[in-house]
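Chemist: Okay, here's the prediction I keep looking at, along with the sequence it came from:
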Amino acid sequence: MSGGGKGRGTGGRAATGGRAGGRSDEALWWALFSAGGVMAALFVPAFVIVTGFLLPAGDEAVAAERTAQFAAAVGWWPVKLALLGVLALSLVHCGHRIRHTMMDLGLRRYSGLLKVPCYGGALAGTIWAAMLLWGI
Amino acid sequence: MDVKDTVMLEIFRYHPETDSEPRFQSYEVPYNEDWVVLDAINWIKDHVDGSLTHRWSCRMGVCGSCGMMVNGEPKLTCAAFLKDYYPFGIKVEPLVNFAVERDLVVDMDGFMDKLQEVKPYIIRDDVNDTSEGEYRQSPAQLAQYKQYSMCINCMLCYAACPVAGHEDEFLGPAALALGHRYNKDSRDQGQAERLDVMLAGEAIWGCTFVGECTVVCPKHVDPAGAIQQAKAMAAQEYFKGFVMPKGTGVSKGADG
């Protein structure tokens, strides 16, 4: 801390002036992040419980039949589409959080550049998920 | 009460004209069950060391002047009771994330600039003549923003916010909540120009919803909630921009 001089954070801003750059496109990423948060919080844990614990539970033969029925339902295209939506938005959510964490860790000036790996990664994951779903 | 009862206060001291760097000074203060930390600091100033410098005014959680770090937490010292710390020592420091002017007094200029930036006043395109009376508002319309109008500018939220500490472009909790307060006011027509400020760069998007601002707020303003609502409003406006050309939006009260 230093007295009187320019500090960091709240003490150090220049006097009121116009903010350069106008509105940022962050609204788009935040909206996708927000939607993805709902998906990741509500549906992903349910999927983990259903596919990881409930389907394989109990008698092996019954579990196999149950799993086959579930797989058949996933083969229906509206279910595939819904799954893809959940996965895509969850991945964007993840990418956005990683990007902002990197910014908070000191890479703030690369916030634009960070979009490439973060949202690009989410896009790649979405394409991979789409290919997997297509194959079912 | 036993007169021998005392409590130790360790206070941040810094006088820029003589001190090359800050130091801590300990004071033994009589312990009163109904004293707050501010009473103890005032007692030191009156009885021990008149050079101790701090801000205070109302002593009742209204003026927002006496915000300091008490044992590392941003607190209004007029609302932090000694009995909640007794018999342990109490460490008092100026609010973090601000430059220190002297002892417990911080530089508020950056904060004041940010408050002004969000245009915290009612903006009208069409100003009624006073003979037409007031701009009327229903209780439901008042409830839309009332909570966000309770801010006393004590800056505890800026001391609690990790983003405010390292991102100068970030407007910060109180200023954003205040901007949102006017955006939600049915009498206001300045949402578009206010959003131009709030949505630029990291002004609002720097917020990562840590939520500490709301935790420390002594007036239950919930700045974190206001910021989330403002972000949602911004996202709506963003997508509306694709559907409707700029200027024909039907957002609350704006545009004719």
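Modeler: Good, I have the coordinates. None of the values given here were measured: they were computed from a predicted structure. Numbering: from 1, shown residues only, chains lettered A, B, ... in the order given.
Chemist: I'd like the distance from the residue of chain B found nearest chain A to residue B:106, if you could.
Modeler: Taking CB to the nearest CB, chain A has its nearest neighbour within chain B at residue B:99, 3.0 Å off. Bear in mind the C-beta positions are built from the backbone N, C-alpha and C, glycine included. Residue B:99 sits 7 Å away from residue B:106, going by CB to CB, to the nearest Å.
Chemist: Residues contacting the helix or strand of chain A with the lowest mean pLDDT, please?
Modeler: Each helix and strand of chain A was given a mean pLDDT (mean pLDDT, DSSP states H and E); the minimum falls on helix A:60-74 at a mean of 91. The list of residues contacting helix A:60-74 from outside it, by CB atoms under 8 Å, 6 or more residues apart in numbering or on different chains, reads A:50, A:51, A:55, A:56, A:57, A:79, A:80, A:83, A:133, A:136.
Chemist: Would you mind listing which of those residues are buried?
Modeler: Taking 16 or more other CB atoms under 10 Å in any protein chain shown as the criterion, what is buried in the contacts of helix A:60-74 is A:55, A:80, A:83, A:133.
Chemist: Please flag which of those sit within strands.
Modeler: Per DSSP state E, strands hold no members of the buried ones among the contacts of helix A:60-74.
Chemist: Which one's more surrounded, residue B:99 and residue B:106?
Modeler: residue B:106 (27 against 22; other CB atoms under 10 Å in any protein chain shown).
Chemist: Show me the residue at the heart of chain A, geometrically.
Modeler: Centre of chain A computed as the mean C-alpha position; nearest residue by CA atoms, centre = their mean is residue A:93, 2.1 Å away.
Chemist: quick check, it in a strand?
Modeler: No. Secondary structure of residue A:93, determined by DSSP: H, G, I helix; E, B strand; the rest coil: helix, with no strand assignment.
Chemist: right, and it touches residue A:40 too?
Modeler: Yes. Counting by CB atoms under 8 Å, residue A:93 touches residue A:40, with 5.2 Å between them.
Chemist: circling back to that earlier point, kindly provide the distance from the residue nearest to the centre of chain A to residue B:208.
Modeler: Using CB to CB, which is the criterion applied here, residue A:93 is 13 Å from residue B:208.
Chemist: re the thing from before, now do the buried residues in the least confident helix or strand of chain A.
Modeler: Applying a neighbour-count criterion of 16+ other CB under 10 Å, the buried positions in helix A:60-74 are residue A:66.
Chemist: who are the neighbours in contact with the residue nearest to residue B:53 when sequence neighbours are not counted?
Modeler: Using CB to CB, 6 or more residues apart in numbering or on different chains and skipping the chain neighbours, the partner closest in space to residue B:53 is residue B:103 (4.1 Å). Shown in contact with residue B:103 (CB under 8 Å, 6+ apart): B:11, B:12, B:13, B:14, B:15, B:52, B:53, B:54, B:94.
Chemist: pLDDT score for the fourth one?
Modeler: The confidence metric pLDDT takes the value 98 at residue B:14.
Chemist: my read: it touches residue B:99, true?
Modeler: No. At 10.7 Å, residue B:14 and residue B:99 do not qualify as touching, with contact defined as CB under 8 Å.
Chemist: ok so, going back, show me which of the buried ones among the contacts of helix A:60-74 is closest to residue B:229.
Modeler: For the buried ones among the contacts of helix A:60-74, the minimum distance to residue B:229 (CB to CB) is 30.7 Å, reached by residue A:83.
Chemist: contacting residues for the closest one?
Modeler: The neighbours of residue A:83, taking CB under 8 Å, 6+ apart as the test, are A:74, A:129, A:133.
Chemist: For the residues you listed, give me TSV that also has distance to residue B:195.
Modeler: Written out in TSV, the entries for the contacts of residue A:83 read as follows (distance: CB to CB, whole Å):
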residue	distance to residue B:195
A:74	42
A:129	35
A:133	39
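Chemist: Residue B:32: which of those is nearest?
Modeler: Distances from the contacts of residue A:83 to residue B:32 were compared by CB to CB; the smallest belongs to residue A:129, at 65.0 Å.
Chemist: Which strands or helices does the helix or strand that closest one falls within pack on?
Modeler: Secondary-structure element containing residue A:129, defined by DSSP states H and E: helix A:115-135. For helix A:115-135, the elements it packs on are helix A:77-102, judged by 3 or more CB pairs under 8 Å, 6 or more residues apart in numbering or on different chains; DSSP states H and E.
Chemist: State the mean pLDDT of the helix it packs on.
Modeler: Computed over helix A:77-102, the average pLDDT equals 94.
Chemist: Now that helix: buried residues?
Modeler: When burial is assessed from 16+ other CB under 10 Å, helix A:77-102 yields the following buried residues: A:80, A:83-84, A:86-97, A:99-100, A:102.
Chemist: Stretch B:40-53 too?
Modeler: Of the residues in stretch B:40-53, those buried by neighbour count under the rule 16+ other CB under 10 Å are B:40, B:41, B:42, B:43, B:44, B:45, B:52.
Chemist: Same check on stretch B:140-156?
Modeler: Within stretch B:140-156, the residues that count as buried by 16+ other CB under 10 Å are B:144, B:145, B:147, B:148, B:149, B:151, B:152, B:153, B:154, B:155, B:156.
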